[in-house]
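Let me see the structure of the following:
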Amino acid sequence: MPQIDFIISNDSHHVAMFLPIVRALAASGHYRCRIVSLCEFRGLVSPTGRFDMERVSLRKVLPIKIRSSPTVGQQVGGMRATGLRQLARAVSWFGLLQPNVRRCFDRAPDLVVLPNDAAFPYDHICRWLRARGIPFLLVQEGIRFPLPGAIDGDTYGQGGAAAVAAWGQTSADYFRRQGVPDERIHLTGSPRYDELLAADWQPEARRLKQQWGWDDKNLLFLSNPIDDQGFCTTPEKYDLIRRFIRAIEPLFDDPGFRLIIKLHGRESLRDVQALVAGLAYARQISVLGVGPVYPLFLLSRAAIVLASTVGLEALLFGLPLGVLEIPRVGFVYDYVARGAARGLTWSQPMLGQVRELLDGAVGDRGLIEAYVSETLVGRAGATDRVVQLIARLVDGNR
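Numbers count the residues shown, from 1 in each chain. Take a look at the predicted model:
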């Protein structure tokens, strides 16, 4: 019976992406699946219970968490910081991860499925797999755009995968530019959306609304670690958030208005809570950490992003989308350039732009629908397409 190994390093995003695939493979009765978890290395806990099913096992690369939190460190930039990070990664790989990766792969699988081939330690793992002749499938985990000054560079897709499961046509174009041969690129969509878009998020939305005392005038600010991506330093990111809040200050004159700041799992909840704590209208700002974002879409009039896949998800839920301009960078990804989102620029009064966004100024619906269709080959059926691709790869290697 063929064995398929899945590598994860995130207890929510990667589970949402791989669980439907693992469930389908296991239910077929034709495959064994093994989950190789890097969660403890990231300061998370492996989701053992989520993969508790017949013909599926889970192995932790590290037995316990090696840090107390998955949040990133304070990014201050500079060549010295980059050199120190590279040194730390080398020490982590050769002194800690490589021996444990070797232990986890004591029995060579027929295929490895992973979400990344560029970020550490996936880049090292891919080299390790290639050296042993173990084929792997790259399943795209998010939208792709160049990261300025990143250690890994713009190398996503260049790890030597036997095949790439791409979200849609725009992603296929990206991978071609990366040098991936056409025959290795397969349009599948994203399995995580098969279940997430079909789920009923209304009960959780009602619970959150009652818990936080929210009205119906909510603006959702979706942050992400742009500092770790190389677009700015951590202090600059906090200054950007603070500057935005102050720019929309008159909105808080309405006692029903709420600003909901939803953080990425690798951002510091404590730091952002401290950032807003001294404001006169702090009670009208809710800072949220761990938890699903999808109920928040149902409770918000509009969403604002910096540089994240979550902007696409807001569009899938029909929300007006704004992209906040990052100083010296501009609007990250192509939401604004292709007419799917409004660019919130600092060259104009921010308050007026946000008011229009809240009033439903979403732009051309035709452009938005075209954007979503080109980004995702389908809003359902991705799991079946990836399972079929896995079967073809395994059959071709046997």
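
V323 - that's part of a strand, no?
Yes. The assignment for V323 is a strand, going by DSSP: H, G, I helix; E, B strand; the rest coil.

hang on, isn't it packed against A337?
No. Between V323 and A337 there is no contact under Cβ atoms under 8 Å: 9.8 Å. Using the backbone N, CA and C atoms, a C-beta is placed for each residue, glycine as well.

Pick out whichever of those two has more residues nearby.
V323 (26 against 12; other Cβ atoms under 10 Å).

Check which helix or strand R130 maps to.
In this structure, R130 sits in helix 122-131 according to DSSP states H and E.

what does that helix rub up against?
Helix 122-131 has contacts (Cβ atoms under 8 Å, 6 or more residues apart in numbering) with 7, 9, 93, 97-98, 101, 112, 114-117, 135-136, 152, 155, 159-161.

I'd like the next helix or strand past that helix.
strand 136-139.

Give the pairing partners of the helix or strand just after that next one; include direction for each.
For strand 136-139, the following helix or strand on the C-terminal side (DSSP H and E) is strand 163-166. Each strand paired with strand 163-166, and its direction, by DSSP bridges: strand 136-139 (parallel), strand 185-187 (parallel).

Show me how far strand 163-166 is from its chain's centre.
17 Å (Cα atoms, centre = their mean, to the nearest Å).

With stretch 156-167 instead?
17 Å.

What are the buried residues along the lowest-mean-pLDDT helix or strand in the chain?
Counting by mean pLDDT, DSSP states H and E, the chain has its least confident helix or strand at helix 79-92, which shows a mean of 74. Under the neighbour-count criterion of 16 or more other Cβ atoms under 10 Å, helix 79-92 has R89, S92 buried.

Tell me how far it lies from the chain's centre.
On Cα atoms, centre = their mean, the centre of helix 79-92 falls 24 Å from that of its chain.

Check stretch 284-304 too.
With Cα atoms, centre = their mean, you get 16 Å for stretch 284-304.

for stretch 185-197, same thing?
With Cα atoms, centre = their mean, you get 14 Å for stretch 185-197.

So for it, mean pLDDT?
For stretch 185-197, mean pLDDT rounds to 92.

Start and end of that stretch, how far apart?
25 Å (Cα to Cα, to the nearest Å).

So which bits of that stretch are buried?
I185, H186, L187, T188, G189, S190, P191, R192, Y193, D194, L196.

Would you confirm that the last one contacts Y294?
Yes. Shown here, L196 and Y294 form a contact pair, counting by Cβ under 8 Å, at 6.2 Å.

contacts for the helix or strand in which R176 is found?
Using DSSP H and E, R176 falls within helix 169-177. Identification of contacts with helix 169-177 by Cβ under 8 Å, 6+ apart yields 140, 143-144, 157, 164, 166, 182, 185, 187, 334, 374-375, 377.

will you turn the residues you listed into JSON lines that also has distance to R23?
Formatted as JSON lines, these follow (distance: Cβ to Cβ, whole Å):
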{"residue": "Q140", "distance to R23": "20"}
{"residue": "I143", "distance to R23": "25"}
{"residue": "R144", "distance to R23": "27"}
{"residue": "G157", "distance to R23": "26"}
{"residue": "V164", "distance to R23": "22"}
{"residue": "A166", "distance to R23": "22"}
{"residue": "D182", "distance to R23": "30"}
{"residue": "I185", "distance to R23": "25"}
{"residue": "L187", "distance to R23": "22"}
{"residue": "D334", "distance to R23": "33"}
{"residue": "E374", "distance to R23": "29"}
{"residue": "T375", "distance to R23": "25"}
{"residue": "V377", "distance to R23": "21"}
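
farthest pair in the residues you listed?
D182 and D334 (21.8 Å; Cβ to Cβ).

Which one of those two is surrounded by more residues?
D334 (17 against 8).

gap between that one and G157?
17 Å (Cβ to Cβ, to the nearest Å).

just F6 next, same as before
18 Å.

Looking at the two, which is more packed in?
F6 (28 against 25).
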